[in-house]
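Colleague: build the 3D model from these lines:
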Amino acid sequence: MRKNVFGRQLKRDVDERKALFKGLMSSLVLNEKIETTEAKAKAIKAEVDKLVTRAKKDDVLARRLLSSKLSPLALDKMIKDVATRFDKRQGGYTKTVRLGKRFGDDSTMVLIEWSEAPKAVLAQEPKKTKPAKVNPDIKAKKPVRKAPVQKTKKETKKK
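Modeller: A predicted model of the protein is given here:
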């Protein structure tokens, strides 16, 4: 009977579940996107959105609450980079993209990532350059690979 039990258990006890969620959320902050199962993504999505909202305030209480949910490196990146990226957004900080079924156990895999790209990536758009002209008269030299020399049985016996 599940009385007064909220959230997804994922066949783990409380400490294992907290460690799993802390690792997933820290990885999401540090790597900008993670590939995981649909159940785990659904379990952390609401929590990550709450963390971003809390990080936008950037006070002592926010840091203390975030430190229990994120690793120290992820905490710094969350406040300095991720929270500033979503200053004007009121919610919906993450998005999930379905990737298909995993071959081993047929579980649905998803990619969970931030809904907005980092500001540094947006500022640095790739420059369009024309490819260099190739002179058709000059033939490209291909590197020549020599086959390894194999010694016969007679040569090895002589030594």
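Colleague: which residues are contacting stretch 102-111?
Modeller: By C-beta atoms under 8 Å, 6 or more residues apart in numbering, the surrounding residues in contact with stretch 102-111 are 33-39, 41, 96-101. C-beta coordinates here come from the backbone N, C-alpha and C atoms, glycine included.
Colleague: next one: stretch 75-94
Modeller: So stretch 75-94 is contacted by 28-30, 45, 48-49, 51-53, 55-56, 58, 62-63, 66-67, 70, 112-116, 118-119 (C-beta under 8 Å, 6+ apart).
Colleague: just the buried ones from those residues, in ChimeraX syntax?
Modeller: Those of those that count as buried under 16 or more other C-beta atoms under 10 Å are selected in ChimeraX with:
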select :28,29,45,48,51,52,53,55,56,62,63,66,70,112,113,114,116
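Colleague: so which of the contacts of stretch 75-94 sit within strands?
Modeller: 112, 113, 114 (DSSP state E).
Colleague: export those residues as a markdown table, with columns for distance to residue 82.
Modeller: Shown next, in a markdown table, are the ones in strands among the contacts of stretch 75-94 (distance: C-beta to C-beta, whole Å):
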| residue | distance to residue 82 |
| --- | --- |
| 112 | 14 |
| 113 | 12 |
| 114 | 7 |
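Colleague: for this protein, which segments are assigned as strands?
Modeller: Under DSSP E, the chain gives strands at 33-37, 94-101, 108-114.
Colleague: neighbours around residue 72, how many?
Modeller: Per other C-beta atoms under 10 Å, the neighbour tally for residue 72 reads 9.
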